[in-house]
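> Got a predicted structure plus its sequence, pasted below:
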Amino acid sequence: MPAGDTTAQRVHILYADHHGWLYGWLRRKLGNACDAADLAHDTFLRLMISRRAAGQLGDEPRALLTHIAKGLVIDHWRRLDVERAYLDALAQMPDPQIPSPETRLMILEALYRIEAMLRGLPERTRDIFLLAQLDGLTYRQIAERHGIALITVKRHMRTAFAACLALP
């Protein structure tokens, strides 16, 4: 591409040259035309938002597009796992307690953010946080279970709580 091209022009040319290929690749990967179209769109959107990535197109633009798309596919599958687990939990509830569609959507969005936050924590921090929050173990019990000092458990919990507070 000529040196004077703007990022938007480069992405436009890249879109014209590679969208069909990316859509086909995603459709084979996902087995679903609608999701493939959404993720192909999201891939180019991410590329446009990331000026650094758009400047790194180089001689192998498909490698960059594939890298971005793979991350989006993984996120898509994770979201589906969260949604399936939530729907399974809803199926166990008596009808009068099932939330409205609007409330279900808000809950799912919150669950997606929580899952992403948990995934972003170091493994040990995540494990300690879940033992305290879901299993109801005390910090002392967690320290004994992991063979670590109580102050270390508190540090991990502080890190996890800070991540919770940073959720949008």
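Yep, it's here.

> Just the buried residues of the helix or strand hosting R155, please?
Secondary structure assigned from DSSP states H and E places R155 in helix 150-165. By neighbour count with 16 or more other C-beta atoms under 10 Å, helix 150-165 contains the buried residues 153, 156-157, 159-160, 163. Placement of C-beta: from N, CA and C, glycine included.

> As a check, name the ranges of all helices in this protein.
7-30, 33-49, 51-54, 61-91, 101-120, 123-133, 139-146, 150-165 (DSSP state H).

> Count the residues that sit near L14.
21 (other C-beta atoms under 10 Å).

> so who does it touch?
44, 47, 57, 61, 65 (C-beta atoms under 8 Å, 6 or more residues apart in numbering).

> Most neighbours out of those, which is it?
Result: L65 is most packed of the contacts of L14 (other C-beta under 10 Å), 25 neighbours.

> before we move on, the earlier item: mean pLDDT lowest for which of the helices of the chain?
Note on the helices of the chain: helix 51-54 shows the lowest mean pLDDT, a mean of 57.

> Skipping adjacent residues, who's closest to L111 in space?
V82 (5.1 Å; C-beta to C-beta, 6 or more residues apart in numbering).

> Thought L108 was touching the one you found, still the case?
Yes - applying C-beta atoms under 8 Å as the test, V82 and L108 come out as touching, 7.2 Å apart.

> what's the burial count for the spatially closest residue to I114 that is not a sequence neighbour?
Excluding the flanking residues, the one nearest I114 by C-beta to C-beta, 6+ apart is L167, at 7.2 Å. Counted with other C-beta under 10 Å, residues neighbouring L167 total 10.

> Check L167 and give its pLDDT.
For L167, the predicted pLDDT is 87.

> and the gap between Y86 and Q92?
11 Å (C-beta to C-beta, to the nearest Å).
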